[in-house]
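*Asks:* Generate a structure from the sequence data that follows.
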Amino acid sequence: MFQINAVGEDWLDTNGKADSQSLDIRYFPYRLSKPQYPAYLNCHHRRTWMSRLHLERHLVSRIGWLRAAVLGANDGIVSTASLIVGVAAAAGKPTEILVAGVAGLVAGAMSMAAGEYVSVSSQSDTEHADLARERAELASDPVAEARELAAIYMQRGLDAETADRVAEQLMARDALGAHAHDELGISSMTTARPIQAALTSAATFTAGAAAPLLIAALAPVSQLGPLVSIGSLFFLAVLGGVGAAAGGAAVMKAALRVTFWGALAMAATAGIGMLVGTSV
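*Replies:* Below you'll find the predicted structure:
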């Protein structure tokens, strides 16, 4: 039986005596007690606990590049495959289909890079504007800013005394960083990186678009549409599964979601291509 009085203090047994061992638990907020965490407490030495704490890596750190990578590859597969299937349904010649596919790959990659850079740059500009405002407020009225930070911690469950102490200590070390993280929600893991997003999107779009384009180049003309569609759906399923695995999500659910919307897009494009080809 153990009780944790506060972060950084010794572990106490039921008799109130300090124990030389620490607890390996799944969650570690500021205050824990026996009623909150009654089971599955494994004893380890404090050094083991600290080593695990420092080696722990969270999947949220991958958000920046993973979102851009999945978006770029998904868009590359879906848009290029849909374009190829649509042109093939309109009774296009093999050379016309390949030209359309290559043009879609180049234009899509450039569009993704430019779009990601512009949109993420806008996010970065907003973050810098908020940080500049926060910096000015800290310079003009640090006491009010300390109260504001303490109020945030009280909303998260700390008592007033502990919240004031935490806010004071964090602001003494890095006032702007504390407010950026806890008030604005800006951290090193989620901060905007325009160049990274642009390059990742362009590269993954090109890789994704190359898959249906390669199938179109190798497939016989009579089976081009079905083969591109089936192959692209397979690649979409793989992409959904890999993206989910990298992000720690359910693989099957993500694969089905990506495959469903990809199939819908290709079906709609093929239908429009058939209508245009018939009318022309």
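
*Asks:* Now do the domain split for the chain, please.
*Replies:* What automatic domain parsing lists as the domains of the chain is 2-55, 63-122+194-279, 126-182.

*Asks:* Residue ranges in the stretch 101-250 of the chain under the pLDDT threshold?
*Replies:* 188-192, 247 (pLDDT under 70).

*Asks:* quick revisit: please work out which of the domains of the chain is packed deepest.
*Replies:* domain 63-122+194-279 (a mean of 19; mean count of other Cβ atoms under 10 Å). The C-beta positions use only the backbone N, C-alpha and C, and glycine is treated the same way.

*Asks:* Can you show me the helices along the stretch 151-280 of the chain?
*Replies:* Using DSSP state H, counting those that start in this stretch, the helices of the stretch 151-280 of the chain run over residues 160-182, 194-218, 224-247, 251-279.

*Asks:* Run the chain-centre distance for the shortest one.
*Replies:* For helix 160-182, the distance between its averaged C-alpha position and the chain's averaged C-alpha position is 27 Å (Cα atoms, centre = their mean, to the nearest Å).

*Asks:* could I have it exported to PDB, CA atoms only?
*Replies:* Taking C-alpha atoms only, helix 160-182 is exported to PDB below (Å, rounded to 0.1, in the frame of the first residue of the first chain):
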ATOM      1  CA  ALA A 160      -4.700  27.800  -5.000                       C
ATOM      2  CA  GLU A 161      -1.500  27.500  -3.000                       C
ATOM      3  CA  THR A 162       0.100  24.800  -5.200                       C
ATOM      4  CA  ALA A 163      -1.000  26.600  -8.400                       C
ATOM      5  CA  ASP A 164       0.600  29.900  -7.200                       C
ATOM      6  CA  ARG A 165       3.800  28.000  -6.400                       C
ATOM      7  CA  VAL A 166       3.900  26.200  -9.700                       C
ATOM      8  CA  ALA A 167       3.200  29.400 -11.700                       C
ATOM      9  CA  GLU A 168       5.900  31.300  -9.700                       C
ATOM     10  CA  GLN A 169       8.600  28.600 -10.300                       C
ATOM     11  CA  LEU A 170       7.800  28.100 -14.000                       C
ATOM     12  CA  MET A 171       7.800  31.800 -14.700                       C
ATOM     13  CA  ALA A 172      11.100  32.200 -12.800                       C
ATOM     14  CA  ARG A 173      12.600  29.800 -15.200                       C
ATOM     15  CA  ASP A 174      10.900  30.700 -18.500                       C
ATOM     16  CA  ALA A 175       7.900  33.000 -18.200                       C
ATOM     17  CA  LEU A 176       7.200  33.200 -22.000                       C
ATOM     18  CA  GLY A 177       7.700  29.400 -22.400                       C
ATOM     19  CA  ALA A 178       5.300  28.700 -19.600                       C
ATOM     20  CA  HIS A 179       2.600  30.900 -21.000                       C
ATOM     21  CA  ALA A 180       3.200  29.700 -24.600                       C
ATOM     22  CA  HIS A 181       2.700  26.100 -23.500                       C
ATOM     23  CA  ASP A 182      -0.100  26.300 -20.900                       C
END
